[in-house]
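J.: everything below, folded, please.
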Amino acid sequence: MGVLSIILLVLFVISALALIFLVAIQDEKSQGLGGIFGGSSDSAFGSGSSKFLTRLTTYMAIAFVVLALLVGVTTKSSSSTLLETAASVQSTDAAWYSADSSADTAVTE
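T.: Alright, predicted model coming up:
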């Protein structure tokens with residue numbers, strides 16, 4: 001895995017956690033889970049925070065989707081590479097199995 005894909009993956013996880021947090025603190029009027037934390041988020045964060053939190057949640061959701069697509073594109077591998085890998089693993093397993101079985105017959109005889 002390249003450095004770019006690791007950085008994108010870390011950003012993806014951070015954006016997912018931030019999005020979960022932002023949705024959880026939305027006020028009750030927006031059908032959020034803000035009431036769990038002891039009241040309306042408008043009183044805790046100021047009078048104009050509802051509009052700000054809604055806008056920030058929208059931007060975070062867009063960033064989450066874009067990062068998900070980028071992580072998917074950077075970590076995908078072609079099907080020919082997967083087939084070649086599977087074939088090499090199978091031939092390696094066959095070589096180990098034949099070497100183990102010949103050693104077992106030599107010991108038993």
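J.: which elements pack onto the helix or strand where Y59 lies?
T.: According to DSSP states H and E, Y59 maps onto helix 49-75. Judged by 3 or more C-beta pairs under 8 Å, 6 or more residues apart in numbering; DSSP states H and E, helix 49-75 is in contact with helix 3-24, helix 41-45. Just so you know, the C-beta spots here come from the backbone N, C-alpha and C atoms, and that holds for glycine as well.
J.: mean pLDDT lowest where, among the ones you listed?
T.: In terms of average pLDDT, helix 41-45 trails the rest of those, at a mean of 52.
J.: would you map out the domains in the protein?
T.: Following automatic domain parsing, one gets these domains for the chain: 1-76, 77-109.
J.: next, the contact list for the residue nearest to A63 when sequence neighbours are not counted, please.
T.: Distances taken as C-beta to C-beta, 6 or more residues apart in numbering put S15 closest to A63, at 5.2 Å, once the chain neighbours are dropped. For S15, the contact set (C-beta atoms under 8 Å, 6 or more residues apart in numbering) comprises 60, 63-64, 67.
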